[in-house]
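Chemist: could you work out the structure for the sequence below:
(one chain, ligands or ions: 2)
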Amino acid sequence: MHTPKVIIIKIGSNVLTQSNGLPDLERMAHLVKGIHDLIQAGKKVVLVSSGAVAFGRQALPLSEKLNPVIKKQIWAATGQIRLINQYQDLFGKLEQPIAQILVTKEDFRDRKHFLNMKNCLEALLQQGILPIVNENDTVTITELMFTDNDELASLTAAMLNADTLLLLTNVDGIFTGPPSEPGSELIEQISSSLPEMTQYISATKSSFGRGGMLTKYAMAKKSADLGIQVIIANGKREGVLEEFAKQKLRCTWFEPKKVKQAAKKWLAHGAQYYKGEITINEGAKSSLTSSVIRSLLPVGITQIAGEFSKGDILLIRDDKGTKIGLGRAEYSSKLALERIGLKNQKALIHYDYLYLFDHD
Ligand SMILES: Nc1ncnc2c1ncn2[C@@H]1O[C@H](COP(=O)(O)OP(=O)(O)O)[C@@H](O)[C@H]1O
Ligand SMILES: N[C@@H](CCC(=O)OP(=O)(O)O)C(=O)O
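Modeler: Numbering: from 1, shown residues only. Ligands and ions are numbered 1, 2, ... in the order given. Just a heads-up that it's a prediction; the model follows:
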């Protein structure tokens, strides 16, 4: 494990609840103390905390007959206050100021929202305030939702150029089989994509979890590819953050690859967030994928779909329709359509804002 400086800590719903569904306040207090110690040691910490729905459900029983989406919204809306009040109480006792940030997927898609959010989080960290982030579950339903808070934490880590993402769940890490089975062993280190990894992981989720271990693995892998070390560890374990601080934690550690540029990190997560699609010809494709650094010029573009503005994310396809990467538009779709196929025009995607997918 590398020494962390900027850490995104994600706490799953299960860590904060007991098996009977009641909030586990003792556990919460323990983690709060650990986070406070990390901040005192000079680390910059952002907390991504699940638990709104679990806290709401426990406090407010609702009829079985009620629409499940509405039920979830009511629990999230009522539970988020309980969750944040609990944090306020616990951090307040340690004189650690906190802030609440509720976000949606759209906030990561829209460049203006993204930058506003990033600036706010950086300012909070600079002031020594701990931001506590969660999804705004009342406005995000179905396809508008993050897969789970592991995705939100991973996006937050990329946005803030964090060096470490710590995902606290109810198991010690990724095992070679269901963690409860006697033969399963903890995988302590993941250095590159192990093809058999997904075979180990079963679809079973913890009782309050949303995404499961498979999405946790996918998000961890993506973050490590961007140069962020990822640790999956057991938030239920006594002394988990103390062990983390001493780098003696029982966990699964994802070794980070070379750190990618901030703009490329933003784009790497843009796969579902693009506003327009462009198709390029064979010549443009070989130019982009060559070892020489090149931007994408209108002369190599054969099709433009969707309406986009300067700053929006674009998906790039080759002439066979294969998705080859993402980029940030330097100008609007209106201008791009005027320039399509023409020589001597300004690049639609600048190299610094171009992210090509790994096809190996
Ligand atoms: N190979 C595996 N190794 C570890 N956990 C696994 C594996 N396969 C499935 N799981 C399940 O993944 C669960 C953790 O994921 P999840 O429910 O999403 O947690 P969280 O709510 O903390 O995000 C564990 O409780 C475990 O049951
Ligand atoms: N935003 C939701 C959490 C969703 C979620 O991803 O939960 P988990 O899988 O426990 O991290 C809540 O606060 O209840």
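
Chemist: ramachandran angles for residue 119?
Modeler: phi -60, psi -40 (degrees, to the nearest 10).

Chemist: compute the number of surrounding residues for it.
Modeler: Other residues near residue 119 come to 10 when the count uses other C-beta atoms under 10 Å. From N, CA and C alone the C-beta is placed, and that goes for glycine too.

Chemist: let me see the domain layout of this structure.
Modeler: The chain breaks down into these domains under automatic domain parsing: 6-260, 274-356.

Chemist: ligand 1 is nearest to which of the ones you listed?
Modeler: domain 6-260 (2.2 Å; C-beta to the nearest ligand atom).

Chemist: where does this structure dip in pLDDT?
Modeler: 142-144, 192-196, 203-211, 271, 359-360 (pLDDT under 70).

Chemist: and the residue nearest the centre of it?
Modeler: Nearest to the geometric centre of the chain sits residue 154, at 2.3 Å (C-alpha atoms, centre = their mean).

Chemist: for ligand 2, see how far away the residue nearest to residue 128 when sequence neighbours are not counted is.
Modeler: Spatial nearest neighbour of residue 128, chain neighbours left out: residue 97 (7.0 Å); criterion: C-beta to C-beta, 6 or more residues apart in numbering. Distance, residue 97 to ligand 2, by C-beta to the nearest ligand atom, to the nearest Å: 21 Å.

Chemist: list the contacts of residue 97.
Modeler: 91, 127-130 (C-beta atoms under 8 Å, 6 or more residues apart in numbering).

Chemist: name the element the closest residue to residue 100 other than its chain neighbours belongs to?
Modeler: Nearest residue to residue 100 in three dimensions, chain neighbours excluded: residue 84, at 5.1 Å (C-beta to C-beta, 6+ apart). Per DSSP states H and E, residue 84 falls inside helix 68-93.

Chemist: distance from the chain centre to that helix, please.
Modeler: 21 Å (C-alpha atoms, centre = their mean, to the nearest Å).

Chemist: how about stretch 172-179?
Modeler: 21 Å.

Chemist: and that stretch, how far apart are its ends?
Modeler: Distance between the two ends of stretch 172-179: 9 Å, counting by C-alpha to C-alpha, to the nearest Å.

Chemist: then stretch 191-202?
Modeler: End-to-end for stretch 191-202, by C-alpha to C-alpha: 21 Å.

Chemist: repeat for stretch 64-71
Modeler: Termini of stretch 64-71 sit 9 Å apart (C-alpha to C-alpha).

Chemist: buried sites along that stretch?
Modeler: By neighbour count on 16 or more other C-beta atoms under 10 Å, the buried set for stretch 64-71 is residue 71.

Chemist: next: stretch 125-141.
Modeler: 125, 129-138, 140.

Chemist: out of those residues, which are inside strands?
Modeler: 130-135 (DSSP state E).

Chemist: residue 226: which of the residues you listed is nearest?
Modeler: Within these, proximity to residue 226 (C-beta to C-beta) peaks at residue 133, which comes in at 18.5 Å.

Chemist: show me what that closest one is bridged to.
Modeler: Following DSSP bridges, residue 133 is listed with bridge partners residue 48, residue 101.

Chemist: contact partners for it?
Modeler: Neighbour list for residue 133: 46-49, 101-103, 152-153, 156 [criterion: C-beta under 8 Å, 6+ apart].

Chemist: and what of residue 213?
Modeler: Applying C-beta under 8 Å, 6+ apart, the residues near residue 213 are 169, 171, 174, 201-202, 205.

Chemist: could you pull out the strands for the protein?
Modeler: 6-11, 44-49, 98-103, 130-135, 164-169, 189-190, 229-234, 251-254, 276-280, 301-305, 313-317, 323-329, 349-356.

Chemist: and the first one with strand 44-49, angle?
Modeler: What that stands for is strand 6-11. Strand 6-11 runs at 20 degrees relative to strand 44-49, counting by axes from the mean of the first three to the mean of the last three C-alpha atoms, to 10 degrees.

Chemist: does strand 6-11 come close to ligand 1?
Modeler: No. Strand 6-11 lies out of reach of ligand 1 by C-beta under 6 Å from any ligand atom, never closer than 7.7 Å.

Chemist: what about stretch 117-130, distance to the chain center?
Modeler: For stretch 117-130, the distance to the chain centre is 18 Å (C-alpha atoms, centre = their mean).

Chemist: could I get the CA-only coordinates of that stretch as PDB?
Modeler: Provided in PDB are the C-alpha atoms of stretch 117-130 (Å, rounded to 0.1, in the frame of the first residue of the first chain):
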ATOM      1  CA  MET A 117     -19.000  20.600  -7.200                       C
ATOM      2  CA  LYS A 118     -15.200  20.000  -7.400                       C
ATOM      3  CA  ASN A 119     -14.500  23.600  -6.400                       C
ATOM      4  CA  CYS A 120     -16.900  23.300  -3.400                       C
ATOM      5  CA  LEU A 121     -15.400  20.100  -2.200                       C
ATOM      6  CA  GLU A 122     -11.800  21.500  -2.600                       C
ATOM      7  CA  ALA A 123     -12.800  24.600  -0.600                       C
ATOM      8  CA  LEU A 124     -14.400  22.500   2.200                       C
ATOM      9  CA  LEU A 125     -11.200  20.400   2.400                       C
ATOM     10  CA  GLN A 126      -9.100  23.500   2.500                       C
ATOM     11  CA  GLN A 127     -11.200  24.800   5.400                       C
ATOM     12  CA  GLY A 128     -10.700  21.600   7.300                       C
ATOM     13  CA  ILE A 129     -14.400  20.600   6.900                       C
ATOM     14  CA  LEU A 130     -15.200  17.000   6.200                       C
END
